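Asker: kindly generate the corresponding structure for this input.
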Amino acid sequence: MSRVHTVLISLMLGCMTLQAHAASLVSSVDRARLNAGETVELTLESDDPTLFGKPDLSSLEASFTVQGTRQVNHLTTLDSGSQATTRWIITLLPKQNGTVIIPPLQLGELTSLPITLQVIQGESQDPSSTLAPVFIEASLDQGTVYVQAQTVLTLRIYHSVSLFDDSNLTPLVIPDARIEKLGETRTYEKLINGIRHGVIEMRYAIYPQNSGELLIPAQVFSATLVQDVPSQVQSPGQNAQPAVPKPGKLIHVSSTEITLSVKAKPADYPADSPWLPARSVSLSEEWNPEPDHSLVGDSLTRSLTIKAEGLSSAQLPPLPATNVGGLRRYPDQPQLSNQASDRGLIGTRVEREALVPTRTGAIDLPALDVVWWNTHEDHLEHSSLPARTLQVASNPGLSVDTPVNTNNGLGLGGPLLWPWQLSTFLLACSTLLGFGLWWRARWQPAEARVVQAGPSPRTVLDELKRASLGNDPQATRQALDAWARQQPETLADMAARFVPLSDALDGLNGALYSETAHDWQGEDLWSAVRTLPASERALDPATDTSLPPLYPK
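Answerer: Here you go, the predicted structure:
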């Protein structure tokens, strides 16, 4: 029993050790760039249910003021069980500008990773100036852009009084411009002239469609006040404080109009290339499997990805198709996605295609080149993929079976064993065999039924009909190969002289080498097989075996 107890204790300790290694303390912030005086929310998350207490925040005091901490427990129920996570959300106010590092924080035996923040010095406020309890601020990241290029509009609503949840902002509508909202609405706090203000921030990517002047209209924000602001005692000579609305009053504030200058497409941009104004454009490719050791008939998946910073995925053009001799191409639908970043939108377009080599040897894939305009440095650029060569080898699984030539001592290179005895023996055997066949033929009817070694043509044709009309591409291919072996010519020869059969075979191969096999319909293939005309080569009467009709009705 002691040995069993020892094993059980070791297993329990091992499970506890694995659980400790699997647990982690993940840190993240709602934004990595902020203005001076603004707060940032730090989130610590752990999936270890054995952790209790709060993280040690003493290392934050040197660079931050901790303005609040709250804990959120979350329980997720899955098929394999339940998983509990705990989050600590910490509101921090940086004490300095520039690069500020959130140090690693410790909770029990777990430690988070450090995070780097960029705190930007904003416009200083005049201490003697007074601000309204609620006001709105609108700004653009640049005042001049190219047509169809991106500019980022940032709307910030500041309030030093509490607001009800009925706040509303007019929709941003700009004629002759495309608008994309960047991420979710952010909320944080900022100190202005020593007064804490809540901030509601929204960001939009704007793409002007015409050159000239573009007017961004004023945005109106409305909300209901929760409580009044305490009255302040005015000292002699101090400016009068603005009148504060009473609680429950509905207020409206609006931003200023902004005029954006839109430049036309540069004259030296290539006329035959799509207009792509962006901060950066990258082009990449992936293969599955790698094409280093390709065989004839293999299905190679090539994924081409174009990613542009400052453009949406809808603005990215299709990439050139891989139309190369020796490769059959089966493209998939492109995948478009957008990602919001601190500098705007990042659009991604992924194009996947299945490439099937049809011959051996070297197959050259041409280089890909994308022309675009660098809006950050204001000049023409190219992003390209180099050309590559596929070396395709023969596929033993697709070659025709040929009998193996084995020397048994009677062929060339073997020893000559009694030539005259062997020839006499073979002559006697052939004579006896011919006499026996002649004798048997005398007692047979005029038309003898041919006994086949394999399945009958009708059985093979019925199997092909069942598989094709059942829309099963794998079974249809097997039945088609069995049927073709019973024909006087190869499947390639029949497809070459009958176009409907060639088209039906292309559709079948496309279903076999792509992800659309469940959409394949085999009615066209069966119709082509039934209507296949007979070969023009006349059958020799001496070799006519009186087979049943090829296409029975």
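Asker: now the helix ranked longest in the chain: average pLDDT?
Answerer: For the chain, the longest helix by residue count, based on DSSP state H, is helix 419-442. For helix 419-442, the mean pLDDT works out to 80.
Asker: how about stretch 67-77 as CSV, C-alpha atoms only?
Answerer: Extracted C-alpha coordinates of stretch 67-77, given in CSV (Å, rounded to 0.1, in the frame of the first residue of the first chain):
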residue,chain,number,x,y,z
GLN,A,67,-6.7,56.0,-9.9
GLY,A,68,-8.8,52.8,-9.6
THR,A,69,-8.8,49.0,-9.5
ARG,A,70,-11.7,46.6,-10.1
GLN,A,71,-11.9,42.9,-10.4
VAL,A,72,-14.1,40.9,-12.8
ASN,A,73,-14.7,37.1,-12.5
HIS,A,74,-15.8,35.2,-15.5
LEU,A,75,-16.9,31.5,-15.8
THR,A,76,-17.1,29.8,-19.2
THR,A,77,-18.9,26.5,-19.6
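Asker: show residues contacting that stretch.
Answerer: For stretch 67-77, contacts defined as Cβ atoms under 8 Å, 6 or more residues apart in numbering pick out 39, 54, 57, 82-93, 189. Backbone N, C-alpha and C define where each C-beta goes, glycine included.
Asker: and the residue nearest to residue 498 when sequence neighbours are not counted, which helix or strand is it part of?
Answerer: Nearest residue to residue 498 in three dimensions, chain neighbours excluded: residue 532, at 5.6 Å (Cβ to Cβ, 6 or more residues apart in numbering). When elements are assigned from DSSP states H and E, residue 532 belongs to no helix and no strand.
Asker: correct me, but residue 532 touches residue 497?
Answerer: No: with contact defined as Cβ atoms under 8 Å, residue 532 does not reach residue 497; the gap is 9.1 Å.
Asker: more crowded one of the two?
Answerer: A direct count of neighbours by other Cβ atoms under 10 Å for residue 532 and residue 497 places residue 532 higher, at 17 against 13.
Asker: where does the prediction get shaky in the stretch 201-350 of the chain?
Answerer: Within the stretch 201-350 of the chain, the ranges that satisfy pLDDT under 70 run 227-247.
Asker: one more time with 90, if that's ok
Answerer: Counting by pLDDT under 90, the stretch 201-350 of the chain has low-confidence residues at 224-252, 291-294, 297, 320-323, 342.
Asker: that one: strands as residue ranges?
Answerer: 212-216, 220-224, 250-254, 258-263, 277-278, 280-288, 294-295, 300-309, 327-331, 335-341, 344-357 (DSSP state E, counting those that start in this stretch).
Asker: ditto for the stretch 1-150 of the chain
Answerer: Under DSSP E, counting those that start in this stretch, the stretch 1-150 of the chain gives strands at 25-29, 33-35, 40-46, 64-78, 81-94, 98-102, 106-107, 110-111, 115-120, 134-140, 144-146.
Asker: in stretch 359-370, what counts as buried?
Answerer: Buried residues in stretch 359-370, counting neighbours by 16 or more other Cβ atoms under 10 Å, are found at 363, 365, 368, 370.
Asker: list of residues touching it?
Answerer: 276, 281, 283, 296, 304, 306, 319-320, 322, 324-327, 357, 382-394.
Asker: what is the end-to-end distance of it?
Answerer: 30 Å (Cα to Cα, to the nearest Å).
Asker: and for stretch 291-302?
Answerer: Note: stretch 291-302 ends 9 Å apart using Cα to Cα.
Asker: cool, stretch 73-89 as well?
Answerer: 11 Å.
Asker: repeat for stretch 90-98
Answerer: OK, stretch 90-98 end separation, Cα to Cα: 21 Å.
Asker: what does stretch 42-58 give?
Answerer: End-to-end distance for stretch 42-58, by Cα to Cα: 14 Å.
Asker: what residues of that stretch count as buried?
Answerer: 42, 44-48, 51, 55, 57.
Asker: what is the nearest of the residues you listed to residue 465?
Answerer: Nearest to residue 465 among these, counting by Cβ to Cβ, is residue 47 at 57.3 Å.
Asker: need the contact list for the closest one.
Answerer: 23-24, 83-85.
Asker: which two in these are spaced the farthest apart?
Answerer: Maximum distance among the contacts of residue 47 (Cβ to Cβ): 14.0 Å, for 24 and 84.
Asker: show me what the helix or strand hosting residue 153 is packed against.
Answerer: Residue 153 belongs to strand 151-159 when assigned by DSSP H and E. Where contact means 3 or more Cβ pairs under 8 Å, 6 or more residues apart in numbering; DSSP states H and E, strand 151-159 is packed against strand 134-140, strand 195-208.
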